[in-house]
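Asker: curious how this folds, go ahead:
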Amino acid sequence: MPLVENHRGNLTVRQACAALGLCPSTYHRWRRAPRPAKVRTCPRALSAQEREGVLAELHAPRFVDRTPAHIVATLLDEQRYHCSERTMYRILAANSSTKERRNQAQQRRYVRPQLCATGPNQLWSWDISKLALADGGYVNLYAIEDVYSRYVVGWMVAPSESATLACQLVETSAQRQQLRPGQLTLHADRGSVMTSELLTQLLRRLGITQTHSRPRISDDNPFSESLFKTLKYHPGYPARFEDCAAAQAYCAAFFAWYNAHHKHSGLSYLSPAQVHLGHAAEHRAARNSVLAAAFARHPERFVHGLPTTPALPDAVWINPPSPEPQPLGPSPKEPLQ
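Answerer: You can find the predicted model right below:
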């Protein structure tokens with residue numbers, strides 16, 4: 001058949017087939033038969049070993065969620081070059097790896113913090129909140145609150161967020177409360193100041209345990225969030241302060257009132273100072289004596305008997321454990337009636 005092909009320029013197919021003793025239909029069947037594909041090689045193509053090396057680089061932990069453009073730039077900074085960005089995409093496509101690469105990175109799993117305080121100076125919560133200024137700027141309020149007593153053990157107003165200022169506030173507050181190493185846990189969210197190495201080193205030196213909320217979950221730091229809400233919804237809170245000094249003066253008056261006079265619903269309407277300084281039992285006894293006297297004068301007015309003021313909680317939690325589910329219906333050991 002190739003002879004017919006070679007003479008097609010000078011002879012017709014019928015003449016060439018007649019000269020060779022072939023039937024023209026035989027030639028046409030041969031022409032229509034599938035041919036094995038020619039293996040085309042490009043001198044610029046990567047070898048199989050080189051392609052495996054590029055694929056391993058693309059799947060390395062540091063690059064698993066990065067684009068080929070980012071990877072090429074990073075390797076160039078390291079004085080290395082494997083291939084072009086487009087070649088990387090072709091290698092990924094050949095290995096079914098061209099989907100959203102960010103989803104392939106193993107995300108760190110954060111543990112839900114479960115923290116408990118049964119008395120003052122066991123667990124503190126702290127955060128930083130923005131206070132608006134008249135010129136459109138902001139100042140930063142740092143506040144540390146005792147979780148059990150809700151007592152604000154330290155605060156400051158500063159123009160910026162600073163790990164150095166946070167360390168000064170924490171260390172001063174710890175000294176004022178005369179903390180022992182291992183006594184306190186300090187909880188905060190995952191802001192850059194809260195997770196700074198400078199603060200971590202200070203807490204380690206003071207013997208204070210450091211814990212953090214999960215990312216973007218405000219419920220993991222509810223006491224600081226509640227404190228700032230009480231501050232900003234308090235009567236007289238201005239929409240904007242004239243300057244940092246005005247914000248400082250307002251916060252000084254507010255925290256003095258809050259600690260000494262705010263009757264907190266979570267503390268049986270005692271003030272944070274009464275609970276934090278150990279005067280809660282004395283004040284509850286005084287209230288109960290008033291109720292007892294009122295009951296003695298008019299017992300018929302108290303249908304449930306002698307009233308008493310609510311007791312303080314035995315424990316205060318950040319994320320308390322979930323109660324165990326109760327079985328539905330009678331216990332298997334109990335016979336049906």
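Asker: and R284, how many neighbours?
Answerer: Using other C-beta atoms under 10 Å, R284 is surrounded by 18 other residues. Where C-beta positions appear, they are placed from N, C-alpha and C, glycine not excepted.
Asker: likewise the one 3 residues further on?
Answerer: Applying other C-beta under 10 Å, we find 17 other residues in the vicinity of R287.
Asker: name the element it belongs to?
Answerer: helix 280-297 (DSSP states H and E).
Asker: could you pull out the buried residues of that helix?
Answerer: For helix 280-297, burial by neighbour count (16 or more other C-beta atoms under 10 Å) applies to 280, 283-284, 287, 295.
Asker: ditto for stretch 49-65
Answerer: 51, 54-55, 57-58, 63.
Asker: show only the entries of these found in helices.
Answerer: Of the buried residues of stretch 49-65, the ones assigned to helices by DSSP state H are 51, 54-55, 57-58.
Asker: so can I have JSON lines of these showing pLDDT and distance to F254?
Answerer: Formatted as JSON lines, these follow (pLDDT from 0 to 100; distance: C-beta to C-beta, whole Å):
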{"residue": "R51", "pLDDT": "90", "distance to F254": "66"}
{"residue": "V54", "pLDDT": "91", "distance to F254": "61"}
{"residue": "L55", "pLDDT": "91", "distance to F254": "61"}
{"residue": "E57", "pLDDT": "90", "distance to F254": "57"}
{"residue": "L58", "pLDDT": "89", "distance to F254": "56"}
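Asker: next, format those as a markdown table and append distance to R29.
Answerer: As requested, these are exported to a markdown table (distance: C-beta to C-beta, whole Å):
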| residue | distance to R29 |
| --- | --- |
| R51 | 40 |
| V54 | 45 |
| L55 | 44 |
| E57 | 51 |
| L58 | 48 |
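Asker: before we move on, the earlier item: with respect to D314, which of the buried residues of helix 280-297 is nearest?
Answerer: For these, the minimum distance to D314 (C-beta to C-beta) is 12.8 Å, reached by A280.
Asker: was I right to think the closest one contacts S271?
Answerer: No: using C-beta atoms under 8 Å, A280 is not in contact with S271; the gap is 9.4 Å.
Asker: ok so, going back, the buried residues of helix 280-297: which two are farthest apart?
Answerer: Maximum pairwise distance in the buried residues of helix 280-297, criterion C-beta to C-beta, is 22.0 Å, between A280 and F295.
Asker: how does this protein divide into domains?
Answerer: For the chain, the structural domains run 2-32, 48-104, 115-267, going by automatic domain parsing.
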